[in-house]
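>>> Prediction below, plus the sequence it came from.
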Amino acid sequence: MQAVQGWPEVGERVRDMRLARGLSQAALAEELGIDRTAVVRIEAGERQVSALELGHLSDILRVPIAHFVTQPPAAVTTYRTLLADDPDQGARDRVLLDVDLEAHARDAEWLKDQGLLERAPHLITPGLVGDAEAAVELARDVRRQIGIPSGSLGPLAEVGELFGLYIVVVDRDVSGASLQLEPGFGVAVIGGHAQPGRRRWTAAHEIGHHLTGDAYHSDVGVAASDAEKEKVIDAFVGEFLLPTDDVRAAWSGAAQAEPYSQLVRIAAEYRLSWSSTIASASRADVIDRRDVQGLRARTPTRGDFLEIVGYEPPADLTPGTTGPGWKRAVFAAWRNGRISAERAVQLVHNTLTVGDLPQLEVFVKQ
């Protein structure tokens with residue numbers, strides 16, 4: 001990402017973050033130890049900001065210093081509008097999610113520049129997917145390409161990396177967003193507060209946008225004009241996470257099973273939300289459409305899973321999750337001295353401590 005071209009850009013980024021954090025100019029000035037008029041001038045681009053003040057702004061607004069001095073990706077800028085003086089929570093969430101996305105993109109670009117991350121080695125050529133039928137075929141094609149034509153997909157941060165999409169899960173109550181940095185190489189941020197099945201749906205959704213060549217996508221505040229495209233991506237996700245043929249095979253293999261129990265088994269095996277499981281079964285025509293509403297209302301409890309399948313579905317995409325390729329790249333950067341141990345911990349989103357990092361080889365001179 002390129003550096004900002006002047007102080008007005010710095011000021012705009014300070015203003016957006018102040019509003020996203022719900023601070024007044026007076027409150028930010030008090031935190032910084034300067035007059036409110038100084039904050040007004042900073043946001044207007046009329047006052048320079050010292051390195052010390054940038055550090056303080058980073059701490060107060062909880063963003064990396066780089067956020068203030070680098071331009072956002074062009075794809076993000078195209079969709080972004082200035083925040084109103086009193087933004088609603090949805091607008092704040094979108095800005096904060098974009099901040100997470102930009103930070104993840106900066107880290108990914110740096111690791112790629114170091115030769116530690118690569119584009120997808122076998123990404124299919126992205127193209128326009130005009131309708132739900134084509135989206136379903138895309139899902140089947142990419143499953144075949146990665147050698148999993150049927151069955152449950154593994155951890156989706158790992159699956160995303162097969163297509164050059166590097167996913168991180170953040171401790172935020174949002175859905176997700178993705179950004180293509182170049183064909184076959186992109187990043188996605190998933191909110192970690194949703195239910196596990198919903199998180200997997202969101203991650204697959206971002207994989208769908210990545211595969212169809214979308215430069216930028218955010219699930220926060222989806223415009224009405226994007227509704228048709230979202231339906232197409234939803235069709236991709238449904239088939240990608242739970243192939244229709246798998247549903248029919250499971251049903252024919254347990255013809256005597258009570259529908260509710262069979263659906264619970266499928267939800268557990270494929271780690272889907274209950275609503276997604278019901279929708280997939282309905283598309284596969286294995287349940288009567290008249291029963292859909294009643295089945296949706298019977299969301300399984302922990303006890304239902306334990307009684308019917310003997311275990312609870314393992315949670316995927318918990319906060320801090322990154323894929324194995326991402327972790328290997330971070331550890332390689334640490335091993336060869338390009339980053340500190342503390343920075344390595346930051347890059348794996350504090351899922352490890354410094355003491356948990358892989359051991360370095362120690363050579364004793366004879």
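Sure, I can see it. These numbers were taken from a predicted model, which means no experiment stands behind them.

>>> for G11, what are its contacts?
I42, E43, A44, G45, E46 (C-beta atoms under 8 Å, 6 or more residues apart in numbering). For glycine as for every other residue, the C-beta is placed from the backbone atoms N, C-alpha and C.

>>> I figured the second one hits L28, correct?
No: with contact defined as C-beta atoms under 8 Å, E43 does not reach L28; the gap is 9.2 Å.

>>> So for these two, which residue has more residues nearby?
L28 (24 against 21; other C-beta atoms under 10 Å).

>>> In which helix or strand does that one reside?
Element membership of L28, judged by DSSP states H and E, is helix 25-32.

>>> Centre of the chain to stretch 209-221, how far?
Stretch 209-221 sits 11 Å away from the centroid of its parent chain (C-alpha atoms, centre = their mean, to the nearest Å).

>>> That should have said stretch 350-358, apologies.
Using C-alpha atoms, centre = their mean, the offset of stretch 350-358 from its chain centre is 22 Å.

>>> Neighbour-wise, give me the winner out of the contacts of G11.
I42 (25 neighbours).

>>> distance of that residue from A51?
To A51, I42 is 14 Å away according to C-beta to C-beta, to the nearest Å.

>>> next one: Q89
33 Å.

>>> before we move on, what about A235?
With distances taken as C-beta to C-beta, A235 is found 50 Å from A51.

>>> okay, the two: which has more neighbours?
When neighbours are counted by other C-beta under 10 Å, A235 and A51 differ, and A235 comes out ahead with 22 against 8.

>>> is it fair to say V168 lies in a strand?
Yes: assessed with DSSP: H, G, I helix; E, B strand; the rest coil, V168 lies in a strand.

>>> in the stretch 51-200 of the chain, which spans are helices?
Along the stretch 51-200 of the chain, counting by DSSP state H, counting those that start in this stretch, helices occupy 51-61, 66-69, 74-79, 89-113, 132-145, 156-162, 196-211.

>>> Pick the most deeply packed of these.
helix 196-211 (a mean of 25; mean count of other C-beta atoms under 10 Å).

>>> for the helices of the stretch 51-200 of the chain, which one sits closest to F185?
Shortest distance between F185 and the helices of the stretch 51-200 of the chain, using C-beta to C-beta, is found for helix 89-113: 6.8 Å.

>>> now for that closest one, which elements pack on it?
helix 7-20, helix 66-69, helix 74-79, strand 165-170, strand 176-182, strand 185-191, strand 216-218, helix 324-335 (3 or more C-beta pairs under 8 Å, 6 or more residues apart in numbering; DSSP states H and E).

>>> Mean pLDDT lowest where, among those?
Confidence, taken as mean pLDDT, is least for helix 74-79 of the helices and strands packed on helix 89-113 (a mean of 74).

>>> Need the helices and strands packed on helix 89-113 in a markdown table (columns: distance to L156).
Converted to a markdown table, these look like this (distance: least, C-beta to C-beta, whole Å):
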| stretch | distance to L156 |
| --- | --- |
| helix 7-20 | 28 |
| helix 66-69 | 27 |
| helix 74-79 | 22 |
| strand 165-170 | 7 |
| strand 176-182 | 11 |
| strand 185-191 | 9 |
| strand 216-218 | 16 |
| helix 324-335 | 12 |
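
>>> still on that earlier bit, what angle separates the helix holding L28 from helix 51-61?
Going by axes from the mean of the first three to the mean of the last three C-alpha atoms, to 10 degrees, helix 25-32 is angled at 120 degrees with respect to helix 51-61.
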